[in-house]
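Trainee: Following is a predicted model, sequence given first.
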Amino acid sequence: MSKPIAWSKTATFFEDDWHDGNVPIMGPRTHAAWLGTSVFDGARAFEGVMPDLELHCARVNESAKVMCLKPVVPTETWVALAREGLKRFEHDAELYIRPMYWAEDAAGGAVRPDPETTRWCLTLYVAPLPKPTGTAITLSPYRRPTRDSALVEAKAGCLYPNNARALIEARSRGFDNCLSCDALGNIAELATANIFMAKDGIIFTPVANGTFLSGITRARVIALLRESGAHVVEKTLQYCDFQSADEIFSTGNYSKVSPITRIDDRMLQPGPFYRRARELYWGFARCVGR
Ligand code: PMP
């Protein structure tokens, strides 16, 4: 027997009904369980708000197409179901909201998924927002795949083992997370989030080049910072740019906006742009996230 797991409170809409706990959704014949044909997205609920929920639900439908699945759930249905699911938790519960599609069977033979067998579920579970206490990062020896070598345009489960091995390697050297480069050696993203840095009053983030997830939180934070008058530049960046940055912070659905407080052996303070980005994000979430 593997290690027993104490799942946090979980609610899943699967095959026309809500289920509590870690309801089984796949079997040994399921294509996704065997060959990895699943896509997902992650949104969040906190303080009763679900910022950018619609964008996350729309993105899972785009990811399904990239995976050659059939996105059978309209965005507004995902959103309505998420709102319904939210009522099963405490009003201000901190939740991860995960819509997911997968292939149940192959289209003849084994490898190609049969889009007509696309299945889906929506899972909400208790996952407290990490406190922004600071993250230590380094450079990963592992790179992001390119468009012609993996389904990088989808948020697909099959892309994550590469991120996992990068995280494991970084942790073995005493870091919490790591920057990965693209095939050309330019900085792409952290293993779990997008990355920003500031230098001499200008904020920079790697320009989306198709090799990494150009996040919904990234786009939101760029827009909010620009509206507030900050100068944000999307640009090809190298590791040395981060090593000499005045401040570094990350964005992503799971933790939203978080400060990087160490890069290799160099300590950093949570900076003014990080604080501004986090405040602006929370202001936005509280205002429009209902
Ligand atoms: N990159 C990776 C690898 C991620 O897993 C995430 C989290 N979804 C992000 C970036 C941030 O994307 P988003 O802001 O859309 O959540």
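Mentor: Okay, I see it.

Trainee: Could you count how many residues lie near the residue of the stretch 101-250 of the chain found nearest the ligand?
Mentor: Going by CB to the nearest ligand atom, the ligand is nearest to residue 215 of the stretch 101-250 of the chain, at 2.6 Å. For glycine as for every other residue, the C-beta is placed from the backbone atoms N, C-alpha and C. Residue 215: 21 surrounding residues under other CB atoms under 10 Å.

Trainee: what about residue 257, helix or strand, and which?
Mentor: strand 256-263 (DSSP states H and E).

Trainee: which residues are contacting the following helix or strand past that strand?
Mentor: Using DSSP H and E, the helix or strand that follows strand 256-263 towards the C-terminus is strand 266-267. With CB atoms under 8 Å, 6 or more residues apart in numbering as the test, strand 266-267 has contacts from 243, 261.

Trainee: Tell me the gap between strand 266-267 and the middle of its chain.
Mentor: Here strand 266-267 shows a centroid-to-chain-centroid distance of 26 Å under the convention CA atoms, centre = their mean, to the nearest Å.

Trainee: Quick check: mean pLDDT of it?
Mentor: The pLDDT scores in strand 266-267 average 98.

Trainee: all helices of this protein, in order?
Mentor: Using DSSP state H, the helices found in the chain span residues 31-35, 53-66, 75-86, 160-172, 216-227, 239-243, 272-288.

Trainee: Return the list of helices and strands in contact with the second one.
Mentor: In this structure, helix 53-66 makes packing contacts with strand 38-40, strand 43-45, helix 75-86, strand 95-103, helix 216-227, judged by 3 or more CB pairs under 8 Å, 6 or more residues apart in numbering; DSSP states H and E.

Trainee: Give me the buried positions along the strand holding residue 257.
Mentor: Using 16 or more other CB atoms under 10 Å as the burial criterion, the residues of strand 256-263 that qualify are 256, 257, 258, 259, 260, 261, 262, 263.

Trainee: Could I get the pLDDT score of the first one?
Mentor: Per-residue pLDDT puts residue 256 at 98.

Trainee: If we ignore the residues flanking it in sequence, what's nearest it?
Mentor: residue 281 (5.6 Å; CB to CB, 6 or more residues apart in numbering).

Trainee: Was I right to think the one you found contacts residue 221?
Mentor: Yes - with contact taken as CB atoms under 8 Å, residue 281 and residue 221 are classed as touching, separated by 6.1 Å.

Trainee: Identify the contacts common to those two.
Mentor: residue 257.

Trainee: Name the residue in these two with the higher neighbour count.
Mentor: residue 221 (29 against 19).

Trainee: that older thread, just name the most buried of the helices of the chain.
Mentor: Comparing the helices of the chain by mean neighbour count (mean count of other CB atoms under 10 Å), helix 53-66 ranks first with a mean of 21.

Trainee: Give me the residues contacting that one.
Mentor: Counting by CB under 8 Å, 6+ apart, 39-43, 70-71, 73, 75, 78-79, 82, 97, 99-101, 118, 151, 153-156, 216, 253, 289 sit against helix 53-66.

Trainee: Could you check that helix against the ligand for contacts?
Mentor: No - Helix 53-66 lies apart from the ligand when judged by CB under 6 Å from any ligand atom; the minimum separation is 7.0 Å.

Trainee: Can you check what angle separates that helix from strand 95-103?
Mentor: Going by axes from the mean of the first three to the mean of the last three CA atoms, to 10 degrees, helix 53-66 is angled at 20 degrees with respect to strand 95-103.

Trainee: Quick one: mean pLDDT over helix 53-66.
Mentor: Per-residue pLDDT values across helix 53-66 average out to 98.

Trainee: which stretches of the stretch 101-250 of the chain form strands?
Mentor: Using DSSP state E, counting those that start in this stretch, the strands found in the stretch 101-250 of the chain span residues 118-126, 135-139, 177-181, 187-190, 194-199, 202-206, 232-235, 247-252.
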